[in-house]
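Undergrad: Okay, sequence plus prediction incoming.
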Amino acid sequence: MNDSWPVVAELDAVRRLRVIARSTPGTSFAEHLVDAPFDRVWGLVSDLENQMPLMITDISSFTVTSVAGERLEARARSPLGMRAGFDIVLRPGWCLMQSRFVLGGMAAVAERDGTRLAFFGGLRLPGVRLADPVLRRLMAPLGARALGRLTDQLERTGG
């Protein structure tokens, strides 16, 4: 018997988020290497109340309503007045959010002289698994746009 077995494979936050996104039907995933230190990037990303409406145009306001350690609750409102409550896990380099119909998250890890930043989002609806290939193609630009808005914000604020 080998004393080093079983081997445990550790995944960093971005790789974990990628696994979640790729194993969840109908999701969008994007990642980008940002030319800014981790603390600067995550400081901006984790400011959910200010950044969610900037990253996702379907959100006009995002209000954290409860904080208990790394667990948060928030209320999102759309420009059309629709509302959704979110359960959130937020810790350095990791944010996972879900509402009744939406699932999303962000992750970041220090890499070289910058930060690898990832974003994913998707719908939690009946039949999503059947429509997965079509939904992934439709959703792909949404994740890239949200991540692009965040990296633009980093550059504007001295990233």
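TA: Nice, I can see it.

Undergrad: Please enumerate the helices of the protein.
TA: 13-23, 38-45, 48-55, 132-156 (DSSP state H).

Undergrad: Need the residues that contact the least confident helix or strand in the chain by mean pLDDT.
TA: In the chain, no helix or strand scores lower on mean pLDDT, DSSP states H and E than helix 132-156, which sits at a mean of 78. For helix 132-156, contacts defined as C-beta atoms under 8 Å, 6 or more residues apart in numbering pick out 25-32, 34, 36, 40-41, 44-45, 51, 54-56, 117-123, 128, 159. Any C-beta I mention is one placed from the backbone N, CA and C, and that applies to glycine too.

Undergrad: Could you pick out the buried ones from those?
TA: 25-32, 34, 36, 40-41, 44-45, 51, 54-56, 117-123, 159 (16 or more other C-beta atoms under 10 Å).

Undergrad: Which of the contacts of helix 132-156 fall within strands?
TA: 27-32, 34, 117-123 (DSSP state E).

Undergrad: which of those lies closest to residue 94?
TA: residue 118 (10.2 Å; C-beta to C-beta).

Undergrad: I'd assumed residue 34 was in contact with the closest one.
TA: No - using C-beta atoms under 8 Å, residue 118 makes no contact with residue 34, being 10.6 Å away.

Undergrad: what residue ranges in this protein score low on pLDDT?
TA: 1-3, 127-136, 158-159 (pLDDT under 70).

Undergrad: if we go to 90?
TA: 1-10, 21-28, 55-58, 101-102, 112-113, 121-159 (pLDDT under 90).

Undergrad: picking that back up, now find how far off-centre the least confident helix or strand of the chain is within its chain.
TA: 10 Å (C-alpha atoms, centre = their mean, to the nearest Å).

Undergrad: Compute the inter-axis angle for that helix and strand 27-34.
TA: Counting by axes from the mean of the first three to the mean of the last three C-alpha atoms, to 10 degrees, helix 132-156 lies at 30 degrees to strand 27-34.

Undergrad: what's the angle from helix 132-156 to helix 13-23?
TA: 150 degrees.

Undergrad: what comes up buried for helix 132-156?
TA: In helix 132-156, the ones that count as buried by 16+ other C-beta under 10 Å are 135-136, 139, 142-147, 149-151, 153-154.

Undergrad: That'll do, ta.
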